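[1] predicted model, plus sequence, below.
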Amino acid sequence: MMRVLVIVLSFLTLTFGLLLLQPAADTAINTPQETAQVFPVAAGQVTRGQTELLQIATAPIRQPEPQPVSSGRNVAVTQPEKPTTRAVVVPDQQVDELRSMTNGILAGLGIATTDPAQEIQVASLTNTATDASGQRAMTNNVLSGLRAATGKSEGTETLQTIIVQALQAGESDAYIDALLNAAKIKGEIQVPEALVTNTGKVDTSVILASIIQGATGEPAKPTASVGGPGVEVRVVQHINGTVQYQFYTVQSGDSLGAIAIKFYGDMREYKTIYEANRQVIVSPDRIRAGQRLSIPAL
Amino acid sequence: MGRTFWAAVAVIISGSLPVVVSAQNVRITSEMLSQEMTLNNEKVVIERIQDTGNLLQGDFTKTSRPCPPFCIHPISAAPGVRTVGELEVIDFLKAEVAEGKGLLIDARLPVMFEKGSIPGAVNIPFSTLNPDNPFRDEILLALGARPAGGDWDYSNAMKLSLFCNGPWCDQSSRAIRYLTAAGYPSEKLSYYRGGMQLWMLLGLTVN
């Protein structure tokens, strides 16, 4: 009796041990043929199961509908405005996300962080708008991450860090202007295209003006009557009343950002002017003195 | 009675011992148990989860995400950009990232990066490489590109290996398209298509 029990037990143990010692044993169960028998698949047809939606969030980049530039039919406009094909409008919320992401990346790269109040000012300074603040933040995050990873600080200064340092040191506008231009010439910083004047310089006045705009939080308001050299206003009779068309002849030392502030009170509207004049403007940093730009009504 | 019982117990125990020993041996390859390297002044060990009973949990067990946007991606992200697997990613970390010549890029959004990524990876969300980001050039600059007459000189730029959530994730492919469109040389780029999905499926170290 006992002997039988022992024999049975040791047989079980051996079988059990062998099974455990052969990890391949359980994977061998599903041979391809067997799988094919269990799940017959129609020839050439591969389907994916339908289950509930995934919660992983992605931020779909929205390309808004092109914004047609107002153009009258019975108007003596020398340059017919075509609807823009690529009006890029980044929603504010998304921009904020971009802004914070950029800051995070910059932090990861080891970029010195500044106090929040100044951060906000500079955010509105480099892109001069809540529009781009998210992108600023996100880019900063990327840069700081990169800097932390590469351990490099040389040659990776940003427009932002330079201005923050200069403002902290209480430097004058002229000094900041010289500093930014020197850094741009050496290729140490990348300046947003709209902040480059047609003489190839950094438009520091626009940057500083946007700081003030950002600090006071005043919303952009289109300037009702803009005067000065280069401004041209045409009032045209329409069926539904009169429509006012504005044109501006680029002066020496203008940047697209400066022109946007002049007409719209907001640098970020440089895109509006750029899009309306794509036939004549190659890139926002390449406007020539003497160019006649159409200024669409907002 | 007692003697035979204990004999049986001894047989059972001795039979299960080798199983316990082999459970400590989930290697990366037969020659490589784990990989140690110093990334960004930090010692990093890449190894696999040793618990052979471990299963994935949560989002990465899903089979059917709606497509679009979560469509299955081809093996190649862009012409000339190499597609790599886990071993090449580990080699890249050791040979390029640890030497300061390359970067492993997590192209997902920060919220996902924070939940866990491949050790040594740097987060560059795909959207920051979009030409619509007015500050993108600062990132190119930080990657080692230099402005050269309105264009970019990438001769000293970093080698980049990009990944996102896996073969059903669009973000690293997009980032690669943005980079090549900006002139980044395709031979300096590689695409880890498996991404977090396969990295985690293989029980590789996540931080």
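    Nice, thanks for sending it over. Fair warning: this is a prediction, and the values are worked out from it, not measured in the lab.
[2] what residues are up against residue B:42?
    Going by Cβ atoms under 8 Å, 6 or more residues apart in numbering or on different chains, residue B:42 touches no other residue. The way it works is simple: take the backbone N, C-alpha and C, and place the C-beta from them, glycine included.
[3] so what sits opposite it in the bridge?
    Legend: beta-bridge partners of residue B:42 under DSSP bridges are residue B:39.
[4] all strands for the stretch 151-298 of chain A, in order.
    A:231-238, A:241-249, A:292-295 (DSSP state E, counting those that start in this stretch).
[5] now the second one against strand A:231-238, angle please.
    Angle between the axes of strand A:241-249 and strand A:231-238 is 160 degrees (criterion: axes from the mean of the first three to the mean of the last three Cα atoms, to 10 degrees).
[6] phi, psi of residue A:10?
    Main-chain dihedrals, residue A:10, degrees, to the nearest 10: phi -70, psi -30.
[7] ok, it to residue A:3 distance?
    To residue A:3, residue A:10 is 11 Å away according to Cβ to Cβ, to the nearest Å.
[8] I'd say residue A:288 and residue A:200 touch.
    No: contact criterion Cβ atoms under 8 Å: residue A:288 and residue A:200 do not qualify, at 11.5 Å.
[9] pLDDT weak spots in the chain?
    Went with chain A since none was named. Scanning chain A for pLDDT under 70 picks out A:1-2, A:6, A:8, A:13-100, A:102-132, A:152-157, A:212-226.
[10] my bad, the chain I had in mind was chain B
    Counting by pLDDT under 70, the ranges of chain B that qualify are B:1-24.
[11] give me the more crowded residue out of residue A:10 and residue A:3.
    For residue A:10 versus residue A:3, the count of surrounding residues by other Cβ atoms under 10 Å in any protein chain shown is larger for residue A:10: 17 against 8.
[12] the more buried one and residue B:188, how far apart?
    Taking Cβ to Cβ, one finds residue A:10 at 63 Å from residue B:188.
[13] swap in residue B:176?
    Counting by Cβ to Cβ - residue B:176 and residue B:188 are separated by 11 Å.
[14] of those two, which one has the most company?
    residue B:176 (25 against 20).
[15] isn't the more buried one up against residue B:162?
    Yes: using Cβ under 8 Å, residue B:176 is in contact with residue B:162, at 5.8 Å.
[16] spit out the residues that contact those two alike.
    Residues touching both residue B:176 and residue B:162 (Cβ under 8 Å, 6+ apart) are B:77, B:189, B:191.
[17] return the member of these nearest to chain A.
    residue B:189 (15.7 Å; Cβ to the nearest Cβ).
[18] for residue A:159, give me its contacts.
    Contacts of residue A:159 by Cβ under 8 Å, 6+ apart are A:126, A:180, A:189-192, A:207, B:138.
[19] tell me which of those is nearest to residue A:238?
    Comparing these against residue A:238 with Cβ to Cβ places residue A:192 closest, at 36.5 Å.
[20] look up how far residue B:147 lies from the residue nearest to the closest one when sequence neighbours are not counted.
    Spatial nearest neighbour of residue A:192, excluding adjacent residues (Cβ to Cβ, 6 or more residues apart in numbering or on different chains): residue B:134 at 4.7 Å. Note on residue B:134: its distance to residue B:147, by Cβ to Cβ, is 15 Å.
[21] who has more neighbours out of those two?
    Per other Cβ under 10 Å, whichever of residue B:134 and residue B:147 has more neighbours is residue B:134, with 27 against 16.
[22] the more buried one against residue A:134, yeah?
    No: contact criterion Cβ under 8 Å: residue B:134 and residue A:134 do not qualify, at 11.0 Å.
[23] brilliant, that's me finished.
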